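1. Any chance you can model this:
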Amino acid sequence: MQVKISPSKVGGKVRVPASKSMAHRALICASLAKDESLISGLSRSKDIEATIACMQALGAAINQKEEGVWSVKGCDPRTLDHNVSLHANESGSTLRFIIPIAALGHQMNTFSGQGRLMERPMKVYQDVFDQEGLLFEQKDGKILVQGPLTANTFQVSGNVSSQFISGLLMALPLLKENSVIKISPPYQSKSYVDLTLKALNEAGIRIKEEENTYFVFGNQAYNAKHYRVEKDYSQAAFFAVLAALNNPLSLIGMDLSSRQGDKAILEHIQCLGAEVIEKEDEISINPNKRHGQTIDLANCPDLGPILCVMAAFVPGETKIIHAARLRMKESDRIAAMEEELRKWGVNISSDEDSITIYGKERYQCDHEVVMEGHNDHRIVMACTVFGLCADSNCRILGAEAIEKSYPDFFKDIKEIGGKVEIV
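-> Residues are numbered from 1 along each chain as shown. This is a model prediction of the structure:
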């Protein structure tokens, strides 16, 4: 799918989808409870569908009751008497969350995926399974896993991906004995683990946290409940930057007390110079004079692509640090943003762990700029925001990548006045 973008002045109100991070966690917690749970406010996307399919493969009954409301009847992976195939599509959260859950039982579990998913780092689990003397084999685009996991003390690197920590935190409470997870510093993306702890607490699971160490009590059970999935600050970030660079917008239905790490976008656009007004469940953003800054991605790596766009329109130097994990996402997001922004003449460079951008207020070309989506939803959405704020037309190839997390993105852009044409 190709999308043509024309410079546009936007305005109005936006209601972004439900948090993908919280939806994954709610689905898994509900799928591990004995009785029926309800999940409301759930937004469908390919990543969420992958988690639904994998938990169904492990025995959960998950059905849509009405628009945005799902019924979940839980399963017990420890009792499976047959081998299981689980397809995670391109969802890193699905894969890394569910591997240790599937390994609670004796069955052979075969995980598969698409795109770059099966190339993403898995050494943390390799080490865990080696320590336990269990099968963990990654080859030919698949991962073979066989349990059962047993209670232990697990040493986990804190600078690879928080998803490994979250996966263990969700699985270990179902073991008979207590376990301990020790995080080796530096501990990055802790905000995502905090989201896991929040979901676990709501499901009745007790975890004690103490100085980068988690004490997981064994022999616990998940409680069925009614989950209401809050709105997604990761998706709101694209509109927040669009408002800061373009014209006032309001984000509605937001949880102002959210623990989502990507809520940091509000701080970043304020440092940029934008005005942010929070009232009840609404966040209003107004553009203002811009100035450069240093942006730390340690706890919010998914903001990387849109923050590159923001920095491009800020006169002077902006440096984005602790960005290394962007290279192992759906695409190498650093290389992708460098390639696409240079087509507009943006002065951007990088090393392994940082990005430096010397921005300016306007970008104009004497031809239609053709940008590539790199099979990455966040690259497509970031490029769209750039195109709306630039002074020339552009075209984005591979725009269907938005289906991974935000299928209605272009529809919502049009509703606030963005000139977007799907061709």
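
2. drop to CA atoms for contacts and neighbour counts, all remaining ones
-> Noted.

3. Arg96 and Leu169 touch, don't they?
-> No. Using Cα atoms under 8 Å, Arg96 and Leu169 do not qualify as a contacting pair, with a distance of 11.5 Å.

4. Pick out whichever of the two has more residues nearby.
-> Leu169 (26 against 21; other Cα atoms under 10 Å).

5. other SSEs contacting the helix or strand hosting the more buried one?
-> With the criterion set as DSSP states H and E, the secondary-structure element containing Leu169 is helix 162-171. Using 3 or more Cα pairs under 8 Å, 6 or more residues apart in numbering; DSSP states H and E as the contact criterion, the neighbours of helix 162-171 among helices and strands are helix 92-102, helix 190-202.

6. Name the nearest residue to the residue located most distally from the centre of the chain, ignoring sequence neighbours.
-> When distances are taken from the C-alpha mean of the chain, Asp366 lies farthest, 36.0 Å away, according to Cα atoms, centre = their mean. Take Asp366 and drop its neighbours on the chain: the residue closest to it by Cα to Cα, 6 or more residues apart in numbering is Ser392, 7.6 Å away.

7. now do Gly113
-> Nearest residue to Gly113, sequence neighbours excluded (Cα to Cα, 6+ apart): Asn89, at 4.4 Å.

8. Now do the same contact list for that neighbour.
-> Contacts here follow Cα atoms under 8 Å, 6 or more residues apart in numbering; on that basis Asn89 touches Lys46, Asp47, Ala50, Ser112, Gly113, Gln114, Gly115, Leu117.

9. Please pick the buried ones from those.
-> Judged by neighbour count, with 16 or more other Cα atoms under 10 Å as the criterion, the buried members of those are Lys46, Asp47, Ala50, Ser112, Gly113, Leu117.

10. Can I get the strand or helix carrying Ala311 in CSV? Just the C-alpha atoms.
-> Per DSSP H and E: Ala311 is located in helix 304-312. These are the backbone C-alpha positions of helix 304-312, laid out as CSV (Å, rounded to 0.1, in the frame of the first residue of the first chain):
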residue,chain,number,x,y,z
GLY,A,304,12.8,6.9,18.9
PRO,A,305,11.4,7.3,15.3
ILE,A,306,8.9,10.1,16.1
LEU,A,307,11.5,11.9,18.3
CYS,A,308,13.8,11.9,15.2
VAL,A,309,11.1,13.7,13.3
MET,A,310,10.6,16.2,16.2
ALA,A,311,14.4,16.9,16.3
ALA,A,312,14.5,17.5,12.6
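
11. Direction included, what does the helix or strand just after that helix pair against?
-> Toward the C-terminus, helix 304-312 is succeeded by strand 316-321 as the next helix or strand (DSSP H and E). According to DSSP bridges, strand 316-321 forms sheet pairs with strand 294-296 (parallel), strand 354-359 (antiparallel).

12. Okay, and the beta partners of Ser284?
-> Using DSSP bridges, the beta-bridge partners of Ser284 come out as Ser250, Ile277.

13. contacting residues around it?
-> For Ser284, the contacting residues are Pro248, Leu249, Ser250, Leu251, Val276, Ile277, Glu278, taking Cα under 8 Å, 6+ apart as the criterion.

14. Greatest separation within those: which pair is it?
-> Based on Cα to Cα, the longest span within the contacts of Ser284 runs between Pro248 and Glu278 and measures 13.6 Å.

15. so Val385 makes contact with Ala237?
-> No. Using Cα under 8 Å, Val385 is not in contact with Ala237, being 10.6 Å away.

16. what touches both of the two?
-> Counting by Cα under 8 Å, 6+ apart, the residues touching both Val385 and Ala237 are Ile306.

17. Average pLDDT for stretch 120-127, rounded please.
-> Predicted confidence along stretch 120-127 averages 90 (mean pLDDT).

18. If we go by neighbour counts, what in that stretch is buried?
-> Across stretch 120-127, burial judged by 16+ other Cα under 10 Å covers Met122, Val124, Tyr125, Gln126.

19. what does that stretch contact?
-> With Cα under 8 Å, 6+ apart, stretch 120-127 has contacts from Phe136, Glu137, Val156, Ser157, Val160, Phe164, Met328, Lys329.
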